[in-house]
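*Asks:* Need coordinates for the following:
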Amino acid sequence: MSTVEKATTASRQSTLARVLEELSAEAVRASGPRWNGRAVLPSRDAVLAAVEGIRQVFFPGYFGNADLREQALHYHVGATLDRVLHALEEQITRAVAFASKHDLGTCTHCRSTAEGATLAFLARLPEVRRLLGSDIDAAFDGDPALQIKEEAIFSYPGVYAITEQRIAHELFLLGVPLIPRIISEHAHGATGIDIHPGARIGERFFIDHGTGVVIGETSRIGSRVRIYQGVTLGAKSFPLDEKGIPIKGIDRHPIIEDDVVIYSGATVLGRITIGKGSSIGGNVWLTHGVPPGSRVTQAEVRQERFEQGGGI
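*Replies:* Coordinates of the predicted model:
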């Protein structure tokens, strides 16, 4: 090795050692006492594998083993569910320990909390499956391009996104940290549909096409609601504490009552109520509530702003 090559190698190793020290020190500094000498986090891959297992339980034969006989169905569902719950309980334990800054190996509270949450989650699965069945019915009834319901299960991004959101929502309600958002953001990346796990959504919910849909954390959506691509149910503003940090837990997203249709590109902002049976037209920007049965178009919103002195 030449003198120049030796100098280059030494410089690279020196830089690598310095960068390694800086990155490691920053990781420890940022986490503080949380890791207690080791990094113990839930595994994203394990969480998503568990969600896929739940999807197989909800729709046996559609995902995973595609050639199930009726005689084997009960065994397949039971074995899959048992495997999923054991894996999920371990990931919940890790999430609780990490969020609480407790040591995973010694924290009995973390394990008992995870056991209780997993059992409660299990008890909710039949209702989640019922809601998903109603979502699939809504897709079939609401989309003339859909020839058979199975097509929605296999391929519709809206059905995929709402399946993961409904699973994540139950874990969110149980106070499980980290994992609900892992699930919902996976669906976001896969479909372009961003539904916070905290959003409460009634039965027979249908997202047509779906790309670019955003539904915020405190949104409340009734039954038989249909929305199209590019719709945003967002926050208009949020209160700040004395340090300028957003205050958590404030209801800041819209309430959408039953039988509402919101067409593509519409933006509904703030804690406002869209009354039952209303229709919100495409590309409407709405920051005030409307009574039941309203028909809101872009032209009407522009005219209202003009009459209020806001211009066109």
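*Asks:* Check what pLDDT residue 1 gets.
*Replies:* You'll see residue 1 listed with a pLDDT of 66.
*Asks:* Can you report how many residues lie near the residue nearest to residue 43 when sequence neighbours are not counted?
*Replies:* In space, and not counting its chain neighbours, residue 43 is closest to residue 91: 6.4 Å by CB to CB, 6 or more residues apart in numbering. (Each C-beta comes from the backbone N, C-alpha and C, glycine too.) Look at residue 91: counted by other CB atoms under 10 Å, it has 23 neighbours.
*Asks:* for residue 272, same thing?
*Replies:* 16.
*Asks:* The chain - how does it break down into domains?
*Replies:* 39-193, 212-312 (automatic domain parsing).
*Asks:* weakest of those domains by average pLDDT?
*Replies:* Mean pLDDT values for the domains of the chain show the minimum at domain 212-312, a mean of 89.
*Asks:* so how far is it from its chain's centroid?
*Replies:* 19 Å (CA atoms, centre = their mean, to the nearest Å).
*Asks:* picking that back up, would you turn the domains of the chain into JSON lines with distance to residue 27?
*Replies:* Shown next, in JSON lines, are the domains of the chain (distance: least, CB to CB, whole Å):
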{"stretch": "domain 39-193", "distance to residue 27": "8"}
{"stretch": "domain 212-312", "distance to residue 27": "23"}
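*Asks:* Buried residues, the particular helix or strand that has residue 137 in it. List them.
*Replies:* For residue 137, the element it lies in under DSSP states H and E is helix 108-142. Neighbour-count burial for helix 108-142, counted by 16 or more other CB atoms under 10 Å, picks out 110-111, 113-114, 117-118, 121, 124-125, 128-129, 131-132, 134-136, 138-140.
*Asks:* Check which helices and strands it is in contact with.
*Replies:* Using 3 or more CB pairs under 8 Å, 6 or more residues apart in numbering; DSSP states H and E, the elements in contact with helix 108-142 are helix 44-58, helix 70-100, helix 149-155, helix 157-173, strand 206-208.
*Asks:* hmm, who's touching the shortest one?
*Replies:* Defining contact as CB atoms under 8 Å, 6 or more residues apart in numbering, one finds that strand 206-208 is touched by 135, 138-139, 142-143, 157-158, 161-162, 193, 213, 225-229.
*Asks:* List just the nearest of those to residue 276.
*Replies:* residue 225 (10.1 Å; CB to CB).
*Asks:* ok, for the closest one, nearest residue in space, not its chain neighbours?
*Replies:* residue 260 (5.1 Å).
*Asks:* ok, now which ones touch the one you found?
*Replies:* 222, 225, 226, 274, 275, 276, 277, 278, 279, 280.
*Asks:* Most neighbours out of those, which is it?
*Replies:* That'd be residue 274 among the contacts of residue 260, by other CB under 10 Å, with 27 neighbours.
*Asks:* Count residues in the vicinity of the nearest residue to residue 64 once chain neighbours are set aside, would you?
*Replies:* Distances taken as CB to CB, 6+ apart put residue 56 closest to residue 64, at 4.2 Å, once the chain neighbours are dropped. As a burial measure, residue 56 scores 20 neighbours (other CB under 10 Å).
*Asks:* now swap in the one 4 residues further on and tell me
*Replies:* Neighbour count for residue 60, taken as other CB under 10 Å: 18.
*Asks:* Also residue 72?
*Replies:* 13.
*Asks:* how long is stretch 218-225 end to end?
*Replies:* 16 Å (CA to CA, to the nearest Å).
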